[in-house]
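I would like to see how this sequence folds:
(one chain, ligands or ions: 2)
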Amino acid sequence: MKDFLAISDYTSDEIKDLLDLAAKLKKQYFKKGNKAIFKGKTLGMIFQKPSLRTRISFDMAMRNCGGDALYLSPAEIGLGKRESIADVARVLSGYVQALMARVFEHEHVVQLAQWSDIPVINGLSDYNHPCQGMADALTIIEKFGKKSKGLNISYVGDGNNVTTSLMHVSALLGWNFTVASPEGYDTNPKAIEIAQDIANKTGSKLTFMRDPHEAVKSAHVIYTDTWTSMGQEEEAAKRELVFPPYQVNAKLVSEADKDVIVMHCLPAHRNYELTDDVADGEHSVIFQQAHNRLHAQKAILARLFDVA
Ligand code: CP
Ligand code: NVA
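Numbers count the residues shown, from 1 in each chain. Ligands and ions are numbered 1, 2, ... in the order given. Coordinates of the predicted model:
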């Protein structure tokens, strides 16, 4: 494993191995604290967009395991503006032991990886959000157990970066994955093609539709995300006219399996894509999911550093 740019770059066994390691490191963290497996290592964290979870969970993942992290803000680095991506990658390769980058264009994190001598982790791009997908899978397994093949995961809303990673991890783990999104806001066709290839091997069923009510029938997981992702702010007003039928509210949740869990990567725009009563209700696992970012990322870092 040199980089972690997309879940679909890995096999089912590799992803299962990472999830097992995440569970082990989580247990260790709560029992007696993590061992100093990242001692002497610093993670450079390049952010072109804001973040709460990604920034803090990566920083704490490094510190919990005896390492360090450096926040590099958009203003400081000017990735591809003040200096070319190739030069930034080669300079930072001499200062830190791994990079995490949150970028606008996916191609930019790919270029960082190409030019770096050190591992590069994708902390969200316009294409995907693989670290989120790993924390999501860890949460689903915690709720439904490891023998979770055949689970029905239903994503309702904008077919975005979070959808791509959730779709890929679902396909790799043999979960059925359904998306209900409005016309014009479909899941990336290239990402679907990749997922379908995986699904053909694992037996996962992928379904794409318009009707959110149809999509959540017999769902074990209902997942939603913001209607307007970072970088799309000028489209917010237009999107707010299109997406209300896709709101995850008590009525929609009542149409799913009785033990359904409700997920959201956060930040949530409460009472837009997700109502308050559902976000804070008995089916919601949104904070467990956010906390699992820490544990999933420790496993990714450990494999990239080859220390566990
Ligand atoms: N879910 C997630 O990535 O949150 P942040 O944007 O706060 O990092
Ligand atoms: N789809 C959202 C996810 C935020 C974590 C965005 O890209 O803004």
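
ok, the residue nearest the centre of the chain - contacts?
Nearest to the geometric centre of the chain sits residue 132, at 1.8 Å (CA atoms, centre = their mean). Each residue near residue 132 by CB atoms under 8 Å, 6 or more residues apart in numbering is listed here: 124, 162, 165-166, 265, 293. Where C-beta positions appear, they are placed from N, C-alpha and C, glycine not excepted.

what does this protein put close to ligand 2?
Contact residues, the chain versus ligand 2 (CB under 6 Å from any ligand atom): 124, 160-162, 225-226, 229-230, 265.

nearest residue to the residue nearest to the centre of the chain other than its sequence neighbours?
Once flanking residues are discounted, residue 132 sits nearest to residue 265: 5.0 Å by CB to CB, 6 or more residues apart in numbering.

the one you found - how many residues pack around it?
By other CB atoms under 10 Å, the residues close to residue 265 number 26.

that one is in contact with residue 161, isn't it?
No: the pair residue 265 / residue 161 is not scored as a contact, 9.4 Å apart, by CB atoms under 8 Å.

residues shared between the contacts of the two?
With CB under 8 Å, 6+ apart, residue 265 and residue 161 have common neighbours residue 129.

where do the strands sit along this protein?
42-47, 68-72, 98-102, 120-122, 152-156, 176-180, 206-209, 221-224, 261-264 (DSSP state E).

each with direction, which strands does the third one pair with?
This means strand 98-102. Strand 98-102 has the following sheet partners, assigned by DSSP bridges: strand 42-47 (parallel), strand 120-122 (parallel).

show residues contacting it.
41, 43-49, 51, 54, 58, 79, 89, 92, 108-109, 112, 116, 118-125, 301, 304-305.

how near is the closest residue in space to residue 133 that isn't next to it in sequence to residue 187?
The shortest distance from residue 133 to any non-neighbouring residue, by CB to CB, 6+ apart, is to residue 165 (3.1 Å). Relative to residue 187, residue 165 is positioned 11 Å away (CB to CB, to the nearest Å).

re earlier: which among the contacts of strand 98-102 end up buried?
Applying 16 or more other CB atoms under 10 Å to the contacts of strand 98-102, the neighbour count classes 41, 43-48, 51, 54, 58, 79, 89, 92, 108-109, 112, 116, 118-125, 301, 304-305 as buried.

count of residues packed around the closest residue to residue 85 other than its chain neighbours?
Distance criterion CB to CB, 6+ apart; nearest residue to residue 85, sequence neighbours excluded, is residue 111 at 4.5 Å. Look at residue 111: counted by other CB under 10 Å, it has 21 neighbours.

any idea how far residue 111 lies from residue 99?
The separation that residue 111 has from residue 99, given CB to CB, amounts to 12 Å.

nearest residue to residue 187 in space, please, no chain neighbours.
residue 159 (3.4 Å).

contacting residues for that neighbour?
Contact partners of residue 159, counting by CB under 8 Å, 6+ apart, are 179, 181, 185-188.

among the residues you listed, name the buried ones.
Of the contacts of residue 159, these count as buried by 16+ other CB under 10 Å: 179, 181, 185, 187-188.

with distance to residue 12 and pLDDT added, can I get those residues in TSV?
Formatted as TSV, those follow (distance: CB to CB, whole Å; pLDDT from 0 to 100):
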residue	distance to residue 12	pLDDT
179	21	99
181	26	98
185	29	98
187	21	98
188	21	98
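
would a markdown table of these with distance to residue 272 be doable?
Listed next are those as a markdown table, based on distance: CB to CB, whole Å:
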| residue | distance to residue 272 |
| --- | --- |
| 179 | 18 |
| 181 | 15 |
| 185 | 14 |
| 187 | 20 |
| 188 | 22 |
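
could those residues go into JSON lines alongside distance to ligand 1?
Below are these laid out as JSON lines (distance: CB to the nearest ligand atom, whole Å):
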{"residue": "179", "distance to ligand 1": "19"}
{"residue": "181", "distance to ligand 1": "19"}
{"residue": "185", "distance to ligand 1": "19"}
{"residue": "187", "distance to ligand 1": "18"}
{"residue": "188", "distance to ligand 1": "18"}
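
relative to the centre of this protein, find the outermost residue for me.
Distance-from-mean max, the chain, by CA atoms, centre = their mean: residue 82 at 28.8 Å.

pLDDT weak spots in this protein?
Within the chain, not a single segment meets pLDDT under 70.

what does it put close to ligand 1?
So the chain meets ligand 1 at 51-54, 124, 132, 265-267 (CB under 6 Å from any ligand atom).

from those, which single one is nearest residue 284?
Nearest to residue 284 among the residues of the chain next to ligand 1: residue 266, at 11.1 Å, using CB to CB.

excluding chain neighbours, give the residue nearest to the closest one in space.
That would be residue 290: by CB to CB, 6+ apart, it lies 5.5 Å from residue 266.

which residues touch the one you found?
53, 135, 266.

and it, how far is that from ligand 2?
10 Å (CB to the nearest ligand atom, to the nearest Å).
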